[in-house]
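Colleague: Predicted structure and sequence below. I'll ask about it afterward.
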Amino acid sequence: MEIENTKAQMRKGVLEFCILCILSEKDAYPSEIIEAMKSAKLIVVEGTLYPLLMRLKNEGQLGYEWKESTSGPPRKYYKLTPAGKEFLNGLHTSWQELVDSVNQIAKQYSSNTL
Amino acid sequence: MKNTINISLGGIVFHIEEDAHQKLSAYLSAISNSMQGSEGHTEIMADIEARIAELLQPKVSDYKQVVSIADIEEVIGIMGKPEEFATGKGNTETKKEEPINTNERGRYQYGQRRIFRDIDDKVLGGVCSGLAYHFGIDPIWVRLGFGLSFFLWGFSLIIYILLLIIIPKARTAAEKLEMRGQPVDINNIRKIVEEDMEDIKKRAKEFGEDMKNWRTRSRGQKFERNVGDFFSSVGHGVGSVIGGIIKGISIFIGIILIIVFTSLLIGLIFSLTTGTNIIHIEGHNGHMIGYSVNNLFNMFDLQGMEKTLLIIGIFMFIGIPLMSIIVRIVRAFTGRRRPFQWYNVTASILWSASWIFIIIGMAKVSQHFKVPVHVSNEATFTLPASSKALSVKMPVQNYDDDISIGIDSHSFYISDDTIFFGSPLLCIEASPDSTFHFILNKSARGTSSDEAKASANGIEYSFTQHDSVLQLSPYYQLNDGVAWRMQKLEGVIEIPINKAIEMPEGIDHFICSSVHHKHHHLGGHTWMMGANGLVETNNSSLKQ
């Protein structure tokens, strides 16, 4: 149970960054984002996504527009705002740094366990 | 038959069974509650509803027009529990206050701090761990401090007992928080209580298991059980006292071990660098003799590279295992399972390096012993006409105060002031002429034959001959500044045919093996040199 919780916390931290990355490629509506995240095994339950999207929107990183859908009601398509792009740039650099330093530390562990 | 309800979800109409509807609306209101107060709450709810609608859409078709409870359960499984929706900003902030990590004491400087005894983490009375909490350090240091000062000044025991009486136990959750210096708020109290409950649960489980085992063992034997109950309750009390004592003793031993190994390590460092004595041996007369590794180096007259290599090599060779033992004890004490791998890796690399250092150092040292050289000094003396026998005298030596080290056949002794000396070997041969000869064969080794010769001539051996008495010294010395280069001294006494020699008691120890082989007890007797070697005679026959 403890490890599940920790894993979830780890994932939670990077969700925001991942959402922005996905949206930097193309505009998407929640189900598409969820698909992308699920295939990358970043999301276990969808519930986490909505509050995040809402927060990013409220902070001005994201905007959305309604688009007609062929099957069913119109959908909310999210897109990065210019501020969001800048925010993503900042996140990307610090992500790289984080990956490097975490790998550096994790390397000791993996070499020790060999 | 079930009633169905029509609902509109994200702009789509669904027929839904009644129980499924109840489940769905309970789910939605739970999500709504969990996000109450966060920004854009209604909008999120709308999005979630739209998503649920999207997920439910493929579930209904012309054949199955109604949404069932199974469908709702599946959707809930995909969307996640209401708690998991809470990733909003407000939530992450409350998270920050939460980490209560008992391992990281002293990090929580805020909040009112009071001293309590920590009865959850106690060795004796929890005084040390309570103090450790108060000062924000690991309790091991406080315990170590108490343990050490107890041996240096006994009154720390009294202080401990006083503290035990004065400081109250941390009983309630609030007190425990005050002890840790955490603010007493609902969240932290809940945390503490949870920790306690966990503990109690574990103990209860163990107890239950004990009981179960015990019961099956003594089923139907009521009397026995009653007696057992009584003894186990007494035993429990005694057991906890004994347990405390054992715990105390093991900590005591651990502290002693740490002290011993640390002082060995420090001694090693000083011995290698400054020449402080590390080994003290009490001689028979109560005189203390010590010598250090540095003295040993001086004796070998090592310098520069080889000395550095050997010092570092020996230091690491002995020091690293010592250090590892200390680390191990400390680790066992603190109960830390933190990966100490970097230490193990470094230690083993350095230790292997110490081998290489020592081998290279030894190889360099061995250069000093490359060339062997023999130097001979000869003394000739004739006996007065009146005496037929040469009387050899040698004082009984007393090496009690000295440390004897034997390398091969080169035994030498180290005394207080690092003068070292060895015993000469005495050989007895037939003289080629009619006079007595005493030949000193000195041998030594060196990098070159000149050096070896100098080392050989550094042997100082004193003997005097007066009339028919040859006074020998039981040992030779090396002159000041002469390094030990396997010096060896052999004294050959040449006796003319038909002349005799009188040997003192205790000389056998010095006689070279070729002679000793034939005559085990030369000492205390007089010997005549015949054509085929020594023959024992008696004094009276010689006098005539």
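Modeller: That came through, no problem. In this text, all values refer to a predicted model and were calculated from it rather than measured experimentally.

Colleague: By residue count, what's the longest helix in chain A?
Modeller: helix A:82-113 (DSSP state H).

Colleague: May I see the buried residues of that one?
Modeller: A:Gly84, A:Phe87, A:Leu88, A:Leu91 (16 or more other Cβ atoms under 10 Å in any protein chain shown). C-beta coordinates here come from the backbone N, C-alpha and C atoms, glycine included.

Colleague: again, but for stretch B:525-541
Modeller: B:His525, B:Thr526, B:Trp527, B:Met528, B:Met529, B:Leu534, B:Thr537.

Colleague: Can you give me the neighbour number for the residue in chain A that chain B sits nearest to?
Modeller: Using Cβ to the nearest Cβ, the single residue of chain A nearest to chain B is A:Val45, 2.5 Å away. Residues near A:Val45, counting by other Cβ atoms under 10 Å in any protein chain shown, number 17.

Colleague: contacting residues around the nearest residue to it once chain neighbours are set aside?
Modeller: Nearest non-adjacent residue to A:Val45, counting by Cβ to Cβ, 6 or more residues apart in numbering or on different chains: B:Gly80, 2.5 Å away. B:Gly80 sits next to A:Val44, A:Val45, A:Glu46, A:Gly47, A:Thr48 when contact means Cβ atoms under 8 Å, 6 or more residues apart in numbering or on different chains.

Colleague: With secondary structure and pLDDT added, can I get those residues in TSV?
Modeller: TSV is the format used below for those (DSSP: H, G, I helix; E, B strand; the rest coil; pLDDT from 0 to 100):
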residue	secondary structure	pLDDT
A:Val44	coil	65
A:Val45	coil	75
A:Glu46	helix	80
A:Gly47	helix	79
A:Thr48	helix	79
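
Colleague: Please indicate which of these are buried?
Modeller: A:Val44, A:Val45, A:Glu46, A:Gly47, A:Thr48.

Colleague: pLDDT averaged over the helix or strand that contains B:Glu195, what's the number?
Modeller: Here B:Glu195, judged by DSSP states H and E, is contained in helix B:186-217. Averaging pLDDT along helix B:186-217 yields 65.

Colleague: Run through the residues of chain A sitting next to chain B.
Modeller: A:12, A:15, A:30-31, A:44-48, A:50-55, A:57-58, A:71-73, A:75-76, A:108-109, A:112 (Cβ under 8 Å from any Cβ of the partner chain).

Colleague: who are the neighbours in contact with the most centrally placed residue in chain A?
Modeller: Closest to where the C-alpha atoms of chain A average out (Cα atoms, centre = their mean) is A:Cys18, at 2.5 Å. For A:Cys18, the contacting residues are A:Met37, A:Ala40, A:Leu42, by Cβ under 8 Å, 6+ apart.

Colleague: quick one: the helix or strand containing it to helix A:82-113, angle?
Modeller: Secondary structure from DSSP H and E places A:Cys18 in helix A:2-25. Put simply, helix A:2-25 runs at 140 degrees to helix A:82-113, going by axes from the mean of the first three to the mean of the last three Cα atoms, to 10 degrees.

Colleague: how about the helix or strand just after helix A:2-25: buried residues?
Modeller: Next along the chain after helix A:2-25, taking DSSP H and E as the criterion, comes helix A:30-39. The neighbour-count check on helix A:30-39 (16+ other Cβ under 10 Å) flags A:Pro30, A:Glu32, A:Ile33, A:Ile34, A:Ala36, A:Met37 as buried.

Colleague: Contacts for helix A:30-39 next, please.
Modeller: A:15, A:18-19, A:22-23, A:28, A:43, A:46, A:49-50, A:53, A:75-76, A:78, B:47, B:50-51, B:54.

Colleague: now swap in stretch A:60-71 and tell me
Modeller: Contacts for stretch A:60-71 (Cβ under 8 Å, 6+ apart): A:20, A:23, A:29, A:53, A:56-57, A:74-81, A:83-84, A:87-88, B:57.

Colleague: Secondary structure of B:Gly37: a strand, I assume?
Modeller: No. B:Gly37: not assigned to a strand; according to DSSP: H, G, I helix; E, B strand; the rest coil it is coil.

Colleague: how about a markdown table for the buried residues of helix A:30-39, with pLDDT added?
Modeller: Converted to a markdown table, those look like this (pLDDT from 0 to 100):
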| residue | pLDDT |
| --- | --- |
| A:Pro30 | 83 |
| A:Glu32 | 84 |
| A:Ile33 | 86 |
| A:Ile34 | 84 |
| A:Ala36 | 84 |
| A:Met37 | 83 |
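
Colleague: Adding distance to B:Val515, write those residues out as TSV.
Modeller: Supplementary listing: those in TSV, determined by distance: Cβ to Cβ, whole Å:
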residue	distance to B:Val515
A:Pro30	108
A:Glu32	106
A:Ile33	103
A:Ile34	103
A:Ala36	100
A:Met37	98
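
Colleague: Would you confirm that B:Ala444 belongs to a strand?
Modeller: Yes. Counting by three-state DSSP, B:Ala444 is part of a strand.

Colleague: Just list whatever residues bridge to it.
Modeller: B:Val373 (DSSP bridges).

Colleague: That one: what's it in contact with?
Modeller: Counted by Cβ under 8 Å, 6+ apart, B:Ala444 has contacts B:Pro372, B:Val373, B:Ala452, B:Lys453, B:Ser455, B:Ala456, B:Gly458, B:Ile459, B:Arg485, B:Met486, B:Gln487, B:Lys488.
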